[in-house]
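> Quick one, structure for this:
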Amino acid sequence: MGERTFPVEIGTQRVELPIVSLSDKLALALLITVDMGVEFMSQAGKELADILRAYEVDIVATVATMGIPLAVEVTRHLGLDQYVILHKTPKIHLADAVSEPVRSITTDADQRLLFDRARIKDVQDKRVAIVDDVISTGASTGAALRLLRRIGADVTAIGTLVTEASLWRSALGEDAQMVRSLGSIPVFRPDGSGGLVEDWNG
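Prediction:
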């Protein structure tokens, strides 16, 4: 049996995403930005930047690592130079980092977002757009929002390649209205006979 895929339009681009099982009750269409290629990410970054331009963004922030290629391209297409990363793994320069707890759907473990204190000046009192590859449960986005606001950033927009199902809406509450997406995908549940059904509620 061949690999199951799900077709999705991400802005003007159409791709087939592989469907992978997380458990016997849940499968996801997997978007891996580092495997999408330079041209795909450049086009997606341009299209998302075109949407975010109206929010007069001073700097782009993202969550490592899958959000980094998107942050680079959105930053480039907005005509900016600097972007900031919220890390999920400790690095030597993050020993004294500002941190915020987060739990991701794909890692199934408690983690912390870490932000380099040396970069606080780059977001404090600035108009910040958070960009990420996928917004699923809203956990990473919510943690990024809390951390950035705590250090004085004015988060004006949230951009993503795709939203996944809709759990993120309740997780983000009023902040969900800031989300701008180039596409949307469901999660998948077994149908009891070897197939999968789309679940847009998640």
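> Spit out the contact partners of the nearest residue to residue 53 once chain neighbours are set aside.
Spatially, and ignoring its direct neighbours in sequence, residue 53 is nearest to residue 78 (6.4 Å; C-beta to C-beta, 6 or more residues apart in numbering). C-beta: built from backbone N, CA, C; applies to glycine. By C-beta atoms under 8 Å, 6 or more residues apart in numbering, residue 78 lies in contact with 49, 52-53, 57, 60.
> Let's see which of those residues end up in strands.
Among these, the ones falling in strands (DSSP state E) are residue 60.
> ok, so of the contacts of residue 78, who is nearest residue 160?
Distance to residue 160, by C-beta to C-beta, is smallest for residue 52 among the contacts of residue 78, at 10.7 Å.
> Now do the strands in this structure.
Under DSSP E, the chain gives strands at 5-10, 13-21, 27-29, 59-63, 83-86, 98-103, 110-115, 127-135, 154-164, 179-181, 184-185, 187-190, 196-199.
> show me where pLDDT drops low in the chain?
Filtered on pLDDT under 70, the chain yields the residue ranges 1-2, 104-109.
> Just give the closest residue to the spatially most central residue of it, not the sequence neighbours.
Nearest to the geometric centre of the chain sits residue 132, at 2.3 Å (C-alpha atoms, centre = their mean). Leaving aside its sequence neighbours, residue 132 sits nearest to residue 67 (C-beta to C-beta, 6+ apart; 4.3 Å).
> Tally up the residues packed near that neighbour, please.
26 (other C-beta atoms under 10 Å).
> now swap in residue 120 and tell me
Neighbours around residue 120, by other C-beta under 10 Å: 15.
> nearest spatial neighbour of it, skipping sequence neighbours?
Residue 120's closest residue in space is residue 151 (C-beta to C-beta, 6+ apart), at 5.1 Å.
> gap between that neighbour and residue 202?
From residue 151 across to residue 202, the span is 30 Å (C-beta to C-beta, to the nearest Å).
> buried set for stretch 54-72?
55, 57-63, 66-72 (16 or more other C-beta atoms under 10 Å).
> In contact with the residue lying closest to residue 155 once chain neighbours are set aside, which residues?
Leaving aside its chain neighbours, residue 155 sits nearest to residue 128 (5.0 Å; criterion: C-beta to C-beta, 6+ apart). Applying C-beta under 8 Å, 6+ apart to residue 128 gives the contacts 57-61, 148, 153-156.
> do residue 91 as well
For residue 91, the contacting residues are residue 114, by C-beta under 8 Å, 6+ apart.
> State the distance from it to residue 101.
For residue 91 relative to residue 101 (C-beta to C-beta), the value is 18 Å.
> same question, residue 71
For residue 71, the distance to residue 101 (C-beta to C-beta) stands at 22 Å.
> okay, now residue 92: neighbour count?
For residue 92, using other C-beta under 10 Å, the count is 5.
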